[in-house]
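>>> A predicted structure for the sequence below; I have some questions about it.
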Amino acid sequence: MRITVSDYSETMKSFLADTGVRQELIERAMQLYQSGQEAELVRFLKLRRCDMVEDMHECQRKVDRIDYLIRQANNNRRKED
């Protein structure tokens, strides 16, 4: 099954919005796509991906800190028992 240009355009808008990309960046991606600047579009998308991966890593660091606090609290409770 081949996706049409129109379908891809709508899919891109939807996916970018679903992933939290700001509207002005979605519009920039659409400009790149519509003007046929595929290499720039791929670069743009890779940069957004890198931003998201960094956000994910930051969230993981926060989860790790909470896990540490949980372990410490459990260890302290066991020592008291």
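That came through fine.

>>> got the contact list for Leu32?
Contact analysis of Leu32 by CB atoms under 8 Å, 6 or more residues apart in numbering lists 38, 40-41, 44. Every residue, glycine included, has its C-beta placed from N, CA and C.

>>> Nearest to Gly20, out of those: which one, please.
Among the contacts of Leu32, Phe44 lies closest to Gly20 (CB to CB), at 15.2 Å.

>>> What helices and strands are in contact with the host helix or strand of the closest one?
Per DSSP states H and E: Phe44 is located in helix 38-80. Packing partners of helix 38-80 (3 or more CB pairs under 8 Å, 6 or more residues apart in numbering; DSSP states H and E): helix 23-34.

>>> Go through the helix it packs on and flag the buried ones.
26, 28-29, 32-33 (16 or more other CB atoms under 10 Å).

>>> could those residues be laid out in a markdown table, adding pLDDT and distance to Arg78?
As requested, the buried residues of helix 23-34 are arranged in a markdown table below (pLDDT from 0 to 100; distance: CB to CB, whole Å):
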| residue | pLDDT | distance to Arg78 |
| --- | --- | --- |
| Ile26 | 96 | 51 |
| Arg28 | 96 | 54 |
| Ala29 | 96 | 52 |
| Leu32 | 96 | 57 |
| Tyr33 | 94 | 57 |
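
>>> wait, which of those residues is closest to Val53?
Closest to Val53, out of all of those and judged by CB to CB, is Ala29, at 17.8 Å.

>>> That closest one - nearest residue in space that isn't next to it in sequence?
The shortest distance from Ala29 to any non-neighbouring residue, by CB to CB, 6 or more residues apart in numbering, is to Phe44 (5.7 Å).

>>> what's the distance between that neighbour and Ser6?
The spacing between Phe44 and Ser6, counted by CB to CB, to the nearest Å, is 20 Å.
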